[in-house]
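Q: Need coordinates for the below:
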Amino acid sequence: MVTTDVAQLSEECNSWVSNLRSFRDEFSHFKNRLQAVAGRQSNRDVLLEIEHLDNQFHIQLINIHDLKHSIKAHGRQANHEVSSGDRQISDDTLHWHEKLYDDYQALEQTLLELRDEFDGFIAHIR
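A: You can find the predicted model right below:
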């Protein structure tokens with residue numbers, strides 16, 4: 001792998017981190033909105049759904065944080081490999097990149113599904 005591939009790898013990592021930040025902001029907003037809605041509810045089923053969604057938001061915010069941290073560490077490792085040595089990225093780092101991409105896609109799908117679930121819930125209680 002040549003040095004120019006590092007730029008692409010870095011760009012992909014930066015894009016993933018940026019998207020995860022957007023999801024973090026969005027889901028933090030959802031969590032706050034859910035808490036505001038909870039104060040106006042008395043129906044047990046609705047309160048159970050609120051608790052479920054609140055738990056899911058909490059879990060997914062942790063998942064976003066953890067994946068973002070892993071992606072940043074991966075980017076630092078790739079840059080370190082290129083700057084020290086034969087200016088190539090190791091096969092292990094490339095494999096890590098592919099795994100992080102798979103993890104990113106899986107998390108993104110989960111977040112999109114949770115967003116849809118939240119939107120449906122909000123539409124239902126109006």
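Q: Buried residues, stretch 116-126. List them.
A: When burial is assessed from 16 or more other Cβ atoms under 10 Å, stretch 116-126 yields the following buried residues: 118, 121. C-betas here are computed from N, CA, C, even on glycine.
Q: Also stretch 35-50?
A: 37, 46, 49, 50.
Q: May I ask which two of these are separated the most?
A: 37 and 49 (10.2 Å; Cβ to Cβ).
Q: hang on, the earlier thing: mind putting the buried residues of stretch 35-50 in a markdown table, distance to residue 19, pLDDT and secondary structure included?
A: Listed next are the buried residues of stretch 35-50 as a markdown table, based on distance: Cβ to Cβ, whole Å; pLDDT from 0 to 100; DSSP: H, G, I helix; E, B strand; the rest coil:
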| residue | distance to residue 19 | pLDDT | secondary structure |
| --- | --- | --- | --- |
| 37 | 26 | 94 | helix |
| 46 | 31 | 96 | helix |
| 49 | 27 | 97 | helix |
| 50 | 27 | 97 | helix |
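Q: Just put those residues in JSON lines and tack on distance to residue 75.
A: Output for these, formatted as JSON lines (distance: Cβ to Cβ, whole Å):
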{"residue": "37", "distance to residue 75": "38"}
{"residue": "46", "distance to residue 75": "43"}
{"residue": "49", "distance to residue 75": "38"}
{"residue": "50", "distance to residue 75": "37"}
